[in-house]
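Chemist: Sequence first, predicted model second:
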Amino acid sequence: AVDWFGVQYKYSALQGSNTPMGNVLESITEWEEKIRWPDLSQFDWEADARRLERDPSLALYMRMSNGPFERLHALEGFEQALIDLITEPEAVRDFLERLVDFKIELFNRIRDHLPLDYIVAGDDWGTARAPFFSVETFEKTILEPTKRFVRAVQARGTRFIAHCCGVIGPFVPYMVEEIGFDGLEIQAEINDIAGILEKYGDRVTVEHPVKARLVHDPEMTEEAIRAYARSLVDAYGAQAVPGSGLVVTITSSFENIYYALEDEIYRYSLERYEGLRK
């Protein structure tokens, strides 16, 4: 498969996903010469929007993948992207600014026809052990383009949820105080969710996945999963942290566990939040 920018992808059955091959650039210094930007005017955005049915009782959102850093390493490979962040920060920054121009145009063409309540935009900044780069490198390259993208989305009345995998603790102050994300879709077990909510809970919402080892356990009982649901509300609900608490993403391999978890979070939240409504 080849994407709009000419990046080739190789499917891995083992991983169950496609991997970008980094075949477009050998160095970011080539970007002005080699990048061909897609012409978004060639698509009939209005016709596509008419094909969709909107339920006004539900929030409308879409996902936007390949954020600034992800697009960089898709074009030239992961190792070269990390090298260029350090050795060619000005060229990286120039490219990312142009990339954000494109992403803003893409968003606006969609937003002109769809009343999006929020988007979830992905850009992973870390491994399970540490960030990919220092905050100093982040400040020189990724920070300002990302901030501009977020502000452009919010200017259209659409919330911006950041999907960001890995250990991202050092970036959280930037994410909340400078960039101004409305929500964070991050990995709970390797990031300090409680600490983020304690400090920033009145300024940002955090998405919290349920524990996979519980919801996919064939021996899990409804009683035990309801107890787990109550523990989430007790620790992270609006009665425990500033703001509105967190958003719990519910998954399960078993229908009864899924619905028991959903039901208990809803009912127990109402019970714990009763005092907040008075």
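Modeler: Noted; the coordinates are in hand.

Chemist: buried sites along the helix or strand harbouring Glu90?
Modeler: Using DSSP states H and E, the element containing Glu90 is helix 89-111. Buried positions in helix 89-111, judged by neighbour count with 16 or more other CB atoms under 10 Å: 89, 91-96, 99-100, 102-104, 106-107, 109-111. Every C-beta, even on glycine, is put in place using the N, C-alpha and C of the backbone.

Chemist: try stretch 226-236
Modeler: For stretch 226-236, burial by neighbour count (16+ other CB under 10 Å) applies to 226, 228-230, 232-233, 236.

Chemist: just these now: which is nearest Arg159?
Modeler: Among the buried residues of stretch 226-236, Tyr236 lies closest to Arg159 (CB to CB), at 19.6 Å.

Chemist: What separation is there between the closest one and Gly245?
Modeler: Look at Tyr236 and Gly245: by CB to CB, to the nearest Å, they are 6 Å apart.

Chemist: can you list residues touching both of these two?
Modeler: Counting by CB atoms under 8 Å, 6 or more residues apart in numbering, the common neighbours of Tyr236 and Gly245 are Leu197.

Chemist: doesn't Ile196 make contact with Val206?
Modeler: Yes. Val206 lies in contact with Ile196 (CB atoms under 8 Å); the separation is 5.8 Å.

Chemist: Give the residues shared as contacts by these two.
Modeler: Counting by CB under 8 Å, 6+ apart, the residues touching both Val206 and Ile196 are Leu184.

Chemist: Looking at the spatially most central residue of the chain now. What's its pLDDT?
Modeler: Of all residues in the chain, the one closest to the mean position by CA atoms, centre = their mean is His163, 1.4 Å from it. The per-residue pLDDT reported for His163 equals 97.

Chemist: Report the secondary structure state of Phe133.
Modeler: Secondary structure, DSSP: H, G, I helix; E, B strand; the rest coil: Phe133 is coil.

Chemist: didn't it look like it was pressed against Leu82?
Modeler: Yes. Phe133 is within contact range of Leu82, at 7.0 Å (criterion: CB under 8 Å).

Chemist: Which one of the two is surrounded by more residues?
Modeler: Phe133 (20 against 16; other CB atoms under 10 Å).

Chemist: Return the residues in contact with that one.
Modeler: So Phe133 contacts 82, 85-86, 125 (CB under 8 Å, 6+ apart).

Chemist: can you map out the helices along this structure?
Modeler: Ranges of helices within the chain are 31-34, 45-50, 68-76, 78-87, 89-111, 135-141, 143-155, 172-173, 193-200, 212-215, 222-236, 255-273, based on DSSP state H.
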